[in-house]
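*Asks:* task: produce atomic coordinates for the following.
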Amino acid sequence: MTKGLIFNIQGFSIHDGPGIRTTVFLKGCPLSCPWCANPESRPQNPQIVHVPANCVYCGSCAAACPKSCIEVDVKTFCRDENICNHCLACVSACPTHALNVEGKWYTVSEVIQLVEKDRAFYEKSGGGVTLSGGEPLLQEEFVLELLKELKAQNYHVNIETTGYASTEYLTKLLPYLDLVYMDLKHPDNKIHQQKVGVSNHIVLENMAMLLENNIPLVVRIPMIPRFNNSLTTAKKYGRLLSKIGAKDVHLLPFHQMGAGKWSSMGLDYEYEQDQSMSVAELIEVADTIREYGLQVQIGGS
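*Replies:* You can find the predicted model right below:
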């Protein structure tokens, strides 16, 4: 039985496609975006996450650990990931829920059962189900099976993707997709590769393929300080996207909602000192991209 690794199933979503939706967040991502709002989504395995705000540093976790990979002091928690075998004894022993597990294995039928609970909201609002991540297209077999079942039950289906996936595989999904949200982190391939670790060539090829097959596509651009929020870069976006025939663009203002996750996972966060962006800050960027015949919206829907 095929299972997928999921780190969240969020009901009543209103920013991941039309209407009211359930968004299924799949774990694993080939990109390494330093602004990621869901850093827990990147590894392709379940993770134990420490939440300092909940921790009373009692040592229960260390006492329960059969591998002795946890050390706890007055205000210090340390877990050796190289020794840990993810038995989760520490999570069970924690009295204050300061240790959480990010990532759980689900079957297709288990996801469908959860999605089905909100069918009335989808039908009344014109909503449906969105697969997001991480990068949902990494879990190829599971996602294909899930999409087939969702369409068999007549759900409107959207995928939020980085676009960094096999074009051959993405082509197999076309009969089951009503909409695709695909990111373009930067129009310059060299800068794209330096910042997030992969080329944008595959992303652009996949965008072009979707457009050729008349799959509704929304290009999503996360607007990031000191990276792509300039008028010069906006012109590059406009030229590139108009060239491949894209029509709809969402500009997603940088925010700090994921900052706490980086610290809870013991990760350095490059954008710790940056302020969340306002809609007003992106008006000129949006107007610049519109000059190339594109429909531009600030914020998601």
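*Asks:* ok, now which ones touch the nearest residue to Ser60 once chain neighbours are set aside?
*Replies:* Closest residue in space to Ser60, ignoring its immediate chain neighbours: Ala93 at 4.6 Å, by C-beta to C-beta, 6 or more residues apart in numbering. Quick note: C-beta positions are derived from backbone N, CA and C, even for glycine. Taking C-beta atoms under 8 Å, 6 or more residues apart in numbering as the definition of contact, the neighbours of Ala93 are 60-61, 63-64.
*Asks:* any idea how far Ser13 is from Ala93?
*Replies:* Using C-beta to C-beta, to the nearest Å, we find Ala93 at a distance of 34 Å from Ser13.
*Asks:* now do Glu71
*Replies:* For Glu71, the distance to Ser13 equals 39 Å [C-beta to C-beta].
*Asks:* these two: who's more crowded?
*Replies:* For Glu71 versus Ser13, neighbours defined as other C-beta atoms under 10 Å are more numerous around Ser13 (19 against 14).
*Asks:* so where do the helices sit in the stretch 201-301 of the chain?
*Replies:* In the stretch 201-301 of the chain, the segments counted as helices under DSSP state H, counting those that start in this stretch are 201-212, 231-244, 259-264, 283-290.
*Asks:* C-alpha coordinates for the lengthiest strand in the chain, CSV please?
*Replies:* Assignment by DSSP state E gives strand 3-13 as the longest strand of the chain. Once side chains and other backbone atoms are set aside, the C-alpha atoms of strand 3-13 remain, and they are given as CSV (Å, rounded to 0.1, in the frame of the first residue of the first chain):
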residue,chain,number,x,y,z
LYS,A,3,1.8,6.0,1.6
GLY,A,4,2.8,9.6,1.5
LEU,A,5,4.7,11.6,4.1
ILE,A,6,2.6,14.6,5.2
PHE,A,7,3.4,17.3,7.7
ASN,A,8,0.0,19.1,7.8
ILE,A,9,-3.5,18.8,6.5
GLN,A,10,-5.1,22.3,6.8
GLY,A,11,-8.8,22.8,6.4
PHE,A,12,-10.5,26.0,5.6
SER,A,13,-7.6,27.4,3.5
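*Asks:* against which helices or strands is the helix or strand of the chain with the lowest mean pLDDT packed?
*Replies:* Ranked by mean pLDDT, DSSP states H and E, the helix or strand of the chain with the weakest confidence is helix 259-264, at a mean of 82. The helices and strands touching helix 259-264, judged by 3 or more C-beta pairs under 8 Å, 6 or more residues apart in numbering; DSSP states H and E, are strand 47-50.
*Asks:* and the strand it packs on, what does it pack against?
*Replies:* Helices and strands touching strand 47-50, by 3+ C-beta pairs under 8 Å, 6+ apart, are strand 77-79, strand 99-102, helix 259-264.
*Asks:* residues near Gly78, how many?
*Replies:* Just to correct that, residue 78 is Cys rather than Gly. As a burial measure, the neighbour count of Cys78 was computed by other C-beta under 10 Å and equals 12.
*Asks:* next, give phi and psi for the closest residue to it other than its chain neighbours.
*Replies:* Closest residue in space to Cys78, ignoring its immediate chain neighbours: Glu71 at 4.6 Å, by C-beta to C-beta, 6+ apart. As for Glu71, its main-chain torsions (degrees, to the nearest 10) stand at phi -120, psi 130.
*Asks:* from Glu123, how far off is Gln139?
*Replies:* Counting by C-beta to C-beta, the gap from Gln139 to Glu123 is 28 Å.
*Asks:* those two - which one has more neighbours?
*Replies:* Here Gln139 and Glu123 are set side by side on neighbour count (other C-beta under 10 Å), and the busier one is Gln139, at 23 against 15.
*Asks:* ok, the more buried one touching Leu26?
*Replies:* Yes. A contact is recorded between Gln139 and Leu26 when judged using C-beta atoms under 8 Å, the distance being 5.6 Å.
*Asks:* just give the number of residues close to Leu241.
*Replies:* Taking other C-beta under 10 Å as the neighbour definition, Leu241 ends up with a count of 24.
*Asks:* my guess is it contacts Tyr292. True?
*Replies:* Yes. Proximity of Leu241 to Tyr292 meets the contact threshold set by C-beta under 8 Å, at 7.0 Å.
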